[in-house]
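Novice: Predicted model, plus sequence, below.
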Amino acid sequence: MIKIIVHAFAEPTEAVVEVVYASTDETAILEKMATLKKRYPNDYLATYDLPLDTDLTVLPHYPSVAICPDDFSGGTS
């Protein structure tokens, strides 16, 4: 099992969703997430657990984000 951090943000003409960090170390994930929240306080940040060697699309939920620029107007992260 690994964990990934997904970062999503909206620009005037597009939205971006990116995987910014991956690790098997829980402490490293928590530290990186704290750093990213400080750096991107108005953006969407999420941590996902991912099993290795698995077709993620067959799971009930896997890393995916549907966003529009209005999603970022409230400053929620």
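Specialist: Received, thanks. Residues are numbered from 1 along each chain as shown.
Novice: just the strands in the protein please.
Specialist: 2-10, 15-23, 44-50 (DSSP state E).
Novice: most tightly surrounded among these?
Specialist: With neighbours defined as mean count of other Cβ atoms under 10 Å, those peak in mean count at strand 2-10, which reaches a mean of 18. The way it works is simple: take the backbone N, C-alpha and C, and place the C-beta from them, glycine included.
Novice: just how off-centre is stretch 35-46 within its chain?
Specialist: 9 Å (Cα atoms, centre = their mean, to the nearest Å).
Novice: List the buried residues of it.
Specialist: 36, 43-45 (16 or more other Cβ atoms under 10 Å).
Novice: average pLDDT for that stretch?
Specialist: Per-region confidence: stretch 35-46 scores 95 on mean pLDDT.
Novice: Stretch 13-25 now?
Specialist: 90.
Novice: I'd like the distance from Met1 to Tyr48, if you could.
Specialist: 11 Å (Cβ to Cβ, to the nearest Å).
Novice: what's the answer for Met33, then?
Specialist: Separation of Met33 from Tyr48 (Cβ to Cβ): 12 Å.
Novice: for Val17, same thing?
Specialist: Per Cβ to Cβ, Val17 is found 12 Å from Tyr48.
Novice: list the residues that contact both of the two?
Specialist: Val6 (Cβ atoms under 8 Å, 6 or more residues apart in numbering).
Novice: Alright, that wraps it up for me.
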